[in-house]
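In: 3D, please:
(2 chains)
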Amino acid sequence: MIDYDKVIVNAAKEMKPSGIRKFFDIAQKLEGVISLGVGEPDFQTPWKIRQTAIKTLEKGKTTYTGNRGLSELLEEISEYFEDTIGIEYDAEKEIIVTVGGSEAIDISIRAMVEPGDEVLIVEPSFVCYAPMVSLAGGVPVPIATKVENKFRLTAEELKEKITDKTKLLILPFPNNPTGAVMRKKDLDAIADVLKDTNIVVLSDEIYSELTYGEKHCSIAQCEGMRERTIVINGFSKSFAMTGWRLGFLAGPKEIVQHIFKIHQYAIMCSPTTSQYAAIAGLKYCRSDVKKMVDEYNMRRRFVVDGFNKLGLECFSPEGAFYVFPSIKSTGLSSKDFCEQLVYSKKVAVVPGDAFGESGEGFIRVSYAYSVNHLKEALKRIGEFLDEFHNK
Amino acid sequence: MDALINLLKTNARLTNAELAVMLDTDEKTIATCIETLEEKGIIKGYTAIVNDELVDDENVTALIEVKVTPQSQSGFDAIARTIASYEEVEACTLMSGTYDLCVTVSGKNLRDISLFVAQRLAGIEGVLSTATNFVLKRYKDNNIVIIDEETDERGLISP
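Out: All right, here's what the predicted structure looks like:
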């Protein structure tokens, strides 16, 4: 008989299933659940993008593209970087079109992390960084951000965790799940710590288009940082294209040339239809993004106000489409809060600790929903709290 | 102003307090803005979007295409105003294309509507012809899907 235990590598065996997944299974079994748990836009992909995809399918443009991606798309992405963060990346040598931001994260880590290397991961954050680092043999080192610092990373917090084994800093802003953003001055302080080291920054900027107030700023814009930063971005959140699986990365060619080889062998090329569609997105649909942002912004204010009124203190996020209210006043753990809420009022939100230990005491609430939906959910959460306090 | 109008178009029952939060202002400002919009006639009224099938399936609605001869002084206006003034008329719009006015009429039954067309509409001076189209089923109205619950294709929870 086959001994499966010997088949699977330890790194995979030790990988914990995502905390989100577990909670999803609970919510899935109940009927009539309304969710605030989704990490994707409720808008449809702009029609121009979908239409372009249909047209290229009709024309039979369904072969592989170049490994890096379609030249026209690479050019558009290069222009996009210049336009948004004012950095020039060589379309032929410094950009790769990837299968979502996820692949960009994976192959960047694989290209740079060796067994024993320490990787600093700003938390709370998206769930994939630590498992990918561990798979590469690296050691994930979480850096907890704090609500009193608006969930921004401070230079002191960073300095404390740097050792001579530190290889990478994963910097995910605008942040999922907190909605925090880093301003230029915050990034400058981080850049100051890193400039004399050999540490590379993996800057996951997938939510860069979704900021409310100041325009997004990348750490690559800070002095001396372009040469040590891999910027990751994509079409999922900005153009409401999650299912198209299309992202991209950019960085100095000295690093990107090696990441590229992994992409080349593991992936060949990103989905062709999605690539054609994305060209239309960058060319014609930037104004659609603006409209989505205005809509998110209204909902953001509505939800933040709603939670504060319910007595769940809510930091006012400046990016992405999440709020991260504290549930500490209830004395419950994040998990217990979410479970009781979903069982008693059938509202699904995600426990904050799914995004790292420092997320304990918080819940992630997505506002990628209509105002009416948000209103109903807030009403139910209010009822839940009333009943909880009157127990 | 535009943002406020758009919000009210999607849901006119949002309270001033809710509108104020969403638009990052205060209730008083919202109240003043709405008053101004009403005074200027930009906001003409508020209504509910009802799925009539669930209330009264006997009701009949028709869209009537009306061709008219424009009058020398008033063009289409005088005739359109006359038509719009009839209480059976729910909507009256001047159109480009093969006919001139699109008139929406509701009645208890087909007879109601045919009487309206024959006796009131066709008799107006300047009306050349009418074509009555009955509404069979409404799927969407005012941006709201009437016939089905809107479903969320997304899962309940995702990273």
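In: Count residues in the vicinity of residue A:62, would you?
Out: Neighbourhood size, residue A:62 [other C-beta atoms under 10 Å in any protein chain shown]: 11. C-betas here are computed from N, CA, C, even on glycine.
In: And for residue A:315?
Out: By the criterion of other C-beta under 10 Å, residue A:315 has 20 neighbours.
In: Excluding covalently adjacent residues, which one is nearest to it?
Out: residue A:147 (5.4 Å; C-beta to C-beta, 6 or more residues apart in numbering or on different chains).
In: what residues are up against the one you found?
Out: A:315, A:326, A:362 (C-beta atoms under 8 Å, 6 or more residues apart in numbering or on different chains).
In: what about the longest helix in the chain?
Out: In the absence of a named chain, this looks at chain A. Counting residues, the longest helix in chain A under DSSP state H turns out to be helix A:286-310.
In: hmm, I had chain B in mind actually
Out: Max-length helix for chain B by DSSP H is helix B:27-39.
In: if we can go back for a sec, ok, the helix or strand following the longest helix of chain A near chain B or not?
Out: With elements assigned by DSSP states H and E, the helix or strand that comes after helix A:286-310 is strand A:322-323. No - Strand A:322-323 stays clear of chain B (C-beta under 8 Å from any C-beta of the partner chain), getting no nearer than 11.2 Å.
In: List the neighbouring strands of strand A:322-323 plus their orientation.
Out: Paired strands of strand A:322-323, with direction, are strand A:363-366 (antiparallel) (DSSP bridges).
In: excluding its backbone neighbours, what's nearest residue A:305?
Out: Nearest to residue A:305 is residue B:21, by C-beta to C-beta, 6+ apart, at 4.3 Å.
In: Pretty sure that neighbour sits in a helix.
Out: Yes - under DSSP: H, G, I helix; E, B strand; the rest coil, residue B:21 sits within a helix.
In: Can you report how many residues neighbour it?
Out: 22.
In: With residue A:317 as the reference, measure out to it.
Out: Using C-beta to C-beta, to the nearest Å, we find residue B:21 at a distance of 15 Å from residue A:317.
In: got it, and residue A:252?
Out: Counting by C-beta to C-beta, the gap from residue A:252 to residue A:317 is 31 Å.
In: What's the nearest residue in the stretch 1-150 of chain A when you look at chain B?
Out: Residue of the stretch 1-150 of chain A nearest chain B, by C-beta to the nearest C-beta: residue A:37 (3.6 Å).
In: in the stretch 151-300 of chain A, what residue is nearest chain B?
Out: residue A:298 (4.0 Å).
In: In the record's domain split, what are the boundaries for the chain?
Out: Just going to use chain A. A:4-44+A:287-389, A:47-285 (automatic domain parsing).
In: nope, chain B
Out: B:2-39, B:52-137.
In: For residue A:357, find the nearest of these.
Out: Closest approach to residue A:357 among these is made by domain B:2-39 (32.5 Å; C-beta to C-beta).
In: quick one: the strands in chain B?
Out: B:60-68, B:89-94, B:101-107, B:127-134, B:140-141, B:144-145 (DSSP state E).
In: could I get those as CSV with mean pLDDT and mean neighbour count?
Out: Below are the strands of chain B laid out as CSV (pLDDT from 0 to 100; neighbours: other C-beta atoms under 10 Å in any protein chain shown):
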stretch, mean pLDDT, mean neighbour count
strand B:60-68, 94, 19
strand B:89-94, 95, 14
strand B:101-107, 94, 19
strand B:127-134, 94, 14
strand B:140-141, 87, 12
strand B:144-145, 84, 12
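In: what's the helix or strand of chain A with the lowest mean pLDDT in contact with?
Out: Ranked by mean pLDDT, DSSP states H and E, the weakest helix or strand in chain A is helix A:19-29, scoring a mean of 81. Residues from elsewhere that reach helix A:19-29 (C-beta under 8 Å, 6+ apart): A:33, A:35, A:37, A:127, A:335, A:338-339, A:342, A:348, A:350-351, A:353-355, B:155-159.
In: make it 6 Å
Out: In this structure, residues lying in contact with helix A:19-29 by C-beta atoms under 6 Å, 6 or more residues apart in numbering or on different chains are A:33, A:342, A:348, A:350, A:354, B:156-157, B:159.
In: what residues does chain B put near chain A?
Out: By C-beta under 6 Å from any C-beta of the partner chain, the part of chain B that sits against chain A consists of B:21-22, B:24, B:154, B:156-159.
In: In TSV, list the residues you listed along with pLDDT and distance to residue B:93.
Out: Below are the residues of chain B next to chain A laid out as TSV (pLDDT from 0 to 100; distance: C-beta to C-beta, whole Å):
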residue	pLDDT	distance to residue B:93
B:21	94	36
B:22	94	31
B:24	93	36
B:154	84	37
B:156	81	43
B:157	79	45
B:158	80	43
B:159	76	48
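In: circling back: how about the contacts made by the residue of the stretch 151-300 of chain A closest to chain B?
Out: residue B:22.
In: For the residue nearest to residue B:121 when sequence neighbours are not counted, give me its contacts.
Out: Among residues not flanking residue B:121 along the chain, residue B:130 sits closest, at 5.8 Å (C-beta to C-beta, 6+ apart). Residue B:130 makes contacts with B:64, B:66, B:117, B:121, as judged by C-beta under 6 Å, 6+ apart.
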